[in-house]
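Asker: take this sequence and fold it.
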Amino acid sequence: MSHRVRIENTHHEFTVEDDEPVLAAALRHGLILPYSCRGGTCGTCMGKVVEGEIAYPDGSRPPALSEAEEAVGQALFCQARAVSDLAIEVREVRSAEDIQPRKLPCRVERVDELAHDVRRLWLRTPGNERLQFLPGQYLDFLLRGGRRRSFSLANPPHDDELLELHVRHVPDGRFTGYVFDELKERALLRFEGPFGSFFLREDSTRPILMIGGGTGFAPLKGMIEHAFHVGLNRPIHLYWGARARRDLYLDELPRRWAAEHEGFRYTPVLSEPEPDDEWEGHIGLVHNIVLQDHPNLAGFEVYMSGPPGMIAAAQRDFEKHGLDPANLYYDSFDYAVDPEEPES
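Answerer: Next comes the predicted model:
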């Protein structure tokens, strides 16, 4: 049996199933409520039950909810189950400013080899701790000497049991060298996040163009999977630029998206295909291929992530072709350098 839940302060509504936490149901419907631990111990997801009745597993009040708070209708929605239809008051996360970055330890759950120079890290945060983020944001690994290395989150917010990062090997890069040569499963790391204003805007009706260069695919992947999850009813066209075929390290994934989702298109672009690539697709700079397909960018919303040179060239040329700068969002993938040694 399911129940209706209405968020009084935003008028959003969703359904929650029997024995499903209210928070989990909201996330399932693409509504992002504040949370952290998901175990009832931090209080981040606290809100008020205005109408209806809730219950907690085993009938016990969660540790972060006091008796006085419960008496005035406060509830922890990561644990609360609906017993009837509900009307609640709770803050929704709508912008990066709504999420406070946190420092957390994590364990490397798995390392996948995606390409000759790309590894995918799967990270698990401790216990019931979860990192809340918007699709497209990034985290900083905290290294010795106060150094930081930034990597975009490639998983969507609703799929947050593990954090997914795509790490490209940088020649002589100290941290990426460690990832490729030494990092093992179950290794412990620390990070802070989420950060960044590069995230999917859902309150627009404009068709979306996404342009990724190399591992700039990572945040776009999170955005696209989030868009599919919430049923975003806007056309999305992904352009992914790489040097050769082997650098399109998850090429089969966007091809599958294009087959499964009517409103999604995928165009891979190679700048220097190898002879044995037998490439019959587009060749050139990815932003030039975008302009060939869309010579008038007025009315579009554009998301770009990749090398600084790609971003700068696209900014210059896209504005000449009618793109309103207010509708351009980008994340420049530069590389941090230590005085003695370059790093990723």
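
Asker: C-alpha from now on. contacts and neighbour counts both.
Answerer: Fine.

Asker: residue nearest the middle of this protein, spatially speaking?
Answerer: Geometric centre of the chain, nearest residue: Pro135, 2.9 Å, by Cα atoms, centre = their mean.

Asker: contacting residues around that residue?
Answerer: Contacts for Pro135 (Cα atoms under 8 Å, 6 or more residues apart in numbering) come out as 153, 155-157, 199-200, 219, 222-223, 226.

Asker: could you do Arg255 as well?
Answerer: Tyr266 are the contacts of Arg255 under Cα under 8 Å, 6+ apart.

Asker: doesn't it fall inside a strand?
Answerer: No: assigned with DSSP: H, G, I helix; E, B strand; the rest coil, Arg255 falls outside any strand and is helix.

Asker: what's the longest strand belonging to the chain in contact with?
Answerer: Looking across the chain with DSSP state E, the single longest strand is strand 102-115. Outside strand 102-115, the residues that touch it by Cα under 8 Å, 6+ apart are 119-126, 184-194, 246-247, 249-250.

Asker: what's the neighbour count on Ser84?
Answerer: 18 (other Cα atoms under 10 Å).

Asker: so who does Ala298 touch?
Answerer: 321-324.

Asker: number of nearby residues for Arg110?
Answerer: By other Cα under 10 Å, 16 other residues sit near Arg110.

Asker: same question for Val179.
Answerer: Neighbours of Val179 (other Cα under 10 Å): 18.

Asker: doesn't it belong to a strand?
Answerer: No: if the criterion is three-state DSSP, then Val179 is helix and not within a strand.

Asker: check what pLDDT it gets.
Answerer: In this model, Val179 is scored at 96, pLDDT.

Asker: roughly how far apart are it and Val167?
Answerer: From Val179 across to Val167, the span is 8 Å (Cα to Cα, to the nearest Å).

Asker: in the longest strand of the chain, what's buried?
Answerer: Across strand 102-115, burial judged by 16 or more other Cα atoms under 10 Å covers 104-111, 114.

Asker: before we move on, the earlier item: pretty sure the residue nearest to the centre of the chain sits in a helix.
Answerer: No: secondary structure of Pro135 (three-state DSSP): coil, not part of a helix.

Asker: residue ranges with poor pLDDT in the stretch 101-250 of the chain?
Answerer: For the stretch 101-250 of the chain, no stretch is flagged by pLDDT under 70.

Asker: ok, which stretches of it are helices?
Answerer: Secondary structure of the stretch 101-250 of the chain, counting by DSSP state H, counting those that start in this stretch: helices at 174-181, 217-230.

Asker: tabulate the ones you listed (JSON lines), appending distance to Arg130.
Answerer: Output for the helices of the stretch 101-250 of the chain, formatted as JSON lines (distance: least, Cα to Cα, whole Å):
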{"stretch": "helix 174-181", "distance to Arg130": "23"}
{"stretch": "helix 217-230", "distance to Arg130": "16"}
